[in-house]
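K.L.:
Sequence and predicted model, in that order:
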Amino acid sequence: MPSWDQRAGRFISRRLARTPITPNHVSLASLLLAVAGAALFATGEASDARWGAFLFVLGRMADHVDGELARLTGQATRFGYYLDYTVGTVSYTALFLCLGLGFRQGALGEWSLVLGGGAAFAAFVTTFLLIGVDREHGGDAMGYASFAGFELQDGIYLLLPITWLGWLMPFFAAAAIGTACYFLWAIWSFFQARRGNWRSSD
């Protein structure tokens, strides 16, 4: 069953298909929204963080539109495939780095930079691991575990209510740890995929 944000992406893409807007336009808009939102977290101001959360979540939601629009209009390309991965990587890397900067004057102190930098590194390297997994699967994008129409990556949408409720710091710490665990899972998936191909070629 398609996830809820994929359904929303399809709904929006059907309307965009009648316009000159291309999937790459949507990808770049998604990137600009997410990076602008991430940058607002770096100020450490609660009001900026609330707007930052809104822009970042809006950018990540838009990321589901480009792929649906590409499939609907027959504009899927290899460049778009890598652009989509790049947008996600830059978005999450910027988010963790800026959250680390924003919390450095708070209770976490310099540890916020360690958490943010570590999570940004994990998010960055995970992209290359997942691209490798896709290649081992013959170029097909790897799916994510889902339940009741929600995928693992949809947890980022919680950023908006959590920020507005003032729970951003514990969310940041938990997300940084979760990203590290996701990084380890990506390593495991990469080597599992390679092992499967090695066995099939014997």
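P.N.:
The structure has been received and is ready for your questions.

K.L.:
for the top helix by length along the chain, packing partners?
P.N.:
Longest helix in the chain, counting residues (DSSP state H): helix 168-201. Secondary-structure packing of helix 168-201 (3 or more Cβ pairs under 8 Å, 6 or more residues apart in numbering; DSSP states H and E): helix 78-102, helix 111-136, helix 159-164. The C-beta positions use only the backbone N, C-alpha and C, and glycine is treated the same way.

K.L.:
Could you export the ones you listed as JSON lines, including mean pLDDT?
P.N.:
Output for these, formatted as JSON lines (pLDDT from 0 to 100):
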{"stretch": "helix 78-102", "mean pLDDT": "92"}
{"stretch": "helix 111-136", "mean pLDDT": "90"}
{"stretch": "helix 159-164", "mean pLDDT": "94"}
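
K.L.:
follow-up on the earlier one: pull out the buried residues from the longest helix of the chain.
P.N.:
Buried residues in helix 168-201, counted by 16 or more other Cβ atoms under 10 Å: 168-169, 171-173, 175-176, 179-180, 182-183, 186, 189-190, 193.

K.L.:
Whichever strand or helix holds residue 66 to helix 168-201, inter-axis angle?
P.N.:
Element membership for residue 66 (DSSP states H and E) is helix 46-73. Angle, helix 46-73 to helix 168-201, by axes from the mean of the first three to the mean of the last three Cα atoms, to 10 degrees: 30 degrees.

K.L.:
any idea how far helix 46-73 is from the chain center?
P.N.:
10 Å (Cα atoms, centre = their mean, to the nearest Å).

K.L.:
got it, and stretch 164-182?
P.N.:
14 Å.

K.L.:
Name the residues that touch that stretch?
P.N.:
Stretch 164-182 is contacted by residues 46, 49-50, 53, 92, 96, 99, 103, 106-108, 112, 115-116, 118-119, 122-123, 126, 155, 158-159, 162-163 when judged by Cβ atoms under 8 Å, 6 or more residues apart in numbering.

K.L.:
What number of residues are in the vicinity of residue 75?
P.N.:
14 (other Cβ atoms under 10 Å).

K.L.:
Checking it next. Helix, strand or coil?
P.N.:
Here residue 75 is coil, with the state taken from DSSP: H, G, I helix; E, B strand; the rest coil.
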